[in-house]
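Student: Here is a sequence with its predicted model. Questions after.
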Amino acid sequence: LGPEGQLLGFDKDPQAIATGQALAAEDGRFVIVQRSFAEMGSEVAERGLAGKVSGVLLDLGVSSPQLDDPERGFSFMNDGPLDMRMNPNAGISAAEFVNTASHEEITRVFKEYGEERYAGRMARAVVERREITPFERTGDLAEVLKVANPAWEKGKHPATRTFQGLRIHVNNELGDLKAGLEAALESLEVGGRLVVISFHSLEDRIVKLFMRDLVKGEPDNLPRGLPVQHKAFEPKIKIHGKAQFASEAELKANPRSRSAVMRVAEKLR
């Protein structure tokens, strides 16, 4: 950043906010707010910056500090409370969801957000077990899902997909992403850049389709034959290059970057 530059950070997680506040104390150009980036438009407007932002970076999904702390309940690798909330002070935990939701709803979450082939079977195992003892720990849930999964993927824990689905659901990650992309576009100035780093196919698909539709420049849901001005069909963004992936050097330094996909677009109007 230049001397007059400003960097506005968004995060739901209180621990990330504490880290951000320490950084802000060192450099007055940085400000951190505890909000989802889905609320970017409101925050930017309140600061008088709507349509004036030169760049937006969306770094999606769960963070390494969240994964590495068993007490946050994101990982099945280390036993901890079954929480999974990025903001532990808001919304329902993963434990509350699996202990109260219907078999149909749990199946939907496992299938839609976890892309789990055996979603129905694994959801049934969850429902049957909770009738005996409610779930409280990640290790307990992971073991039940492991037994219920009849076909394990090589090199992947059998609960991987279902844990992903639960995390996405509990944090409304895909809903926030869709709202955040729209808010980012509105916040940017003409010529501003939007950069999105996603970590699984569901996220990347949303980003890819969002950018593709804006490049086409076609207004949504117009009746066939309706007279519209030519400018209505002009692209709203320009995509810069193809999707980018981590280099071999980065993969060695940071193995978690193996699933990262970065897409870049520039606002045209």
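Tutor: That came through fine. Not measured: the values here are computed from a predicted model.

Student: Residue 98: helix or strand, and which one exactly?
Tutor: Counting by DSSP states H and E, the element that carries residue 98 is helix 94-100.

Student: what's next to that helix, contact-wise?
Tutor: 73, 81-85, 106, 109, 126, 130, 134-136, 141, 166-167, 169-170 (CB atoms under 8 Å, 6 or more residues apart in numbering). Quick note: C-beta positions are derived from backbone N, CA and C, even for glycine.

Student: go on, stretch 127-147?
Tutor: So stretch 127-147 is contacted by 70, 73, 75-76, 78-82, 94-95, 98-99, 103, 106, 122, 125-126, 157-159, 162-163 (CB under 8 Å, 6+ apart).

Student: Which members of the residues you listed are classed as buried?
Tutor: 70, 73, 75-76, 79-82, 94-95, 98-99, 106, 122, 125-126, 157-159, 162-163 (16 or more other CB atoms under 10 Å).

Student: taking those residues one by one, which sit in helices?
Tutor: 94, 95, 98, 99, 106, 122, 125, 126, 162, 163 (DSSP state H).

Student: Excluding sequence neighbours, find me the nearest residue to residue 175.
Tutor: residue 38 (7.3 Å; CB to CB, 6 or more residues apart in numbering).

Student: just checking, that neighbour is part of a helix?
Tutor: Yes - checked against DSSP: H, G, I helix; E, B strand; the rest coil, residue 38 lies within a helix.

Student: Can you classify residue 20 as helix, strand or coil?
Tutor: helix.

Student: Next, count neighbours for it.
Tutor: By the criterion of other CB atoms under 10 Å, residue 20 has 19 neighbours.

Student: in the protein, which helix or strand is least confident?
Tutor: Counting by mean pLDDT, DSSP states H and E, the chain has its least confident helix or strand at helix 64-68, which shows a mean of 82.

Student: For residue 104, give me phi and psi.
Tutor: phi -60, psi -40 (degrees, to the nearest 10).

Student: Any regions of this protein where pLDDT drops low?
Tutor: Applying pLDDT under 70 to the chain flags the ranges 218-232.

Student: ok, which stretches of this structure are strands?
Tutor: Ranges of strands in the chain, per DSSP state E, are 7-10, 30-33, 53-59, 188-198, 237-239, 244-245, 261-267.

Student: Sort out which residues of the last one are buried, please.
Tutor: Of the residues in strand 261-267, those scored as buried under the neighbour-count criterion (16+ other CB under 10 Å) are 261, 262, 263, 264, 265, 267.

Student: Output these in a markdown table, with distance to residue 177 appended to each entry.
Tutor: Converted to a markdown table, these look like this (distance: CB to CB, whole Å):
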| residue | distance to residue 177 |
| --- | --- |
| 261 | 13 |
| 262 | 15 |
| 263 | 12 |
| 264 | 16 |
| 265 | 15 |
| 267 | 18 |
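
Student: so which of those comes closest to residue 44?
Tutor: residue 267 (13.9 Å; CB to CB).

Student: Looking at the buried residues of strand 261-267, which one is closest to residue 49?
Tutor: residue 267 (14.3 Å).

Student: Pairing partners for that closest one in the sheet, please.
Tutor: Here residue 267 sits in beta bridges with residue 237, going by DSSP bridges.

Student: Hmm, it is touching residue 189, no?
Tutor: Yes - between residue 267 and residue 189 there is a contact under CB atoms under 8 Å: 7.1 Å.

Student: For residue 266, see how far away the nearest residue to residue 8 once chain neighbours are set aside is.
Tutor: Nearest non-adjacent residue to residue 8, counting by CB to CB, 6+ apart: residue 31, 5.4 Å away. As judged by CB to CB, to the nearest Å, residue 31 and residue 266 stand 25 Å apart.
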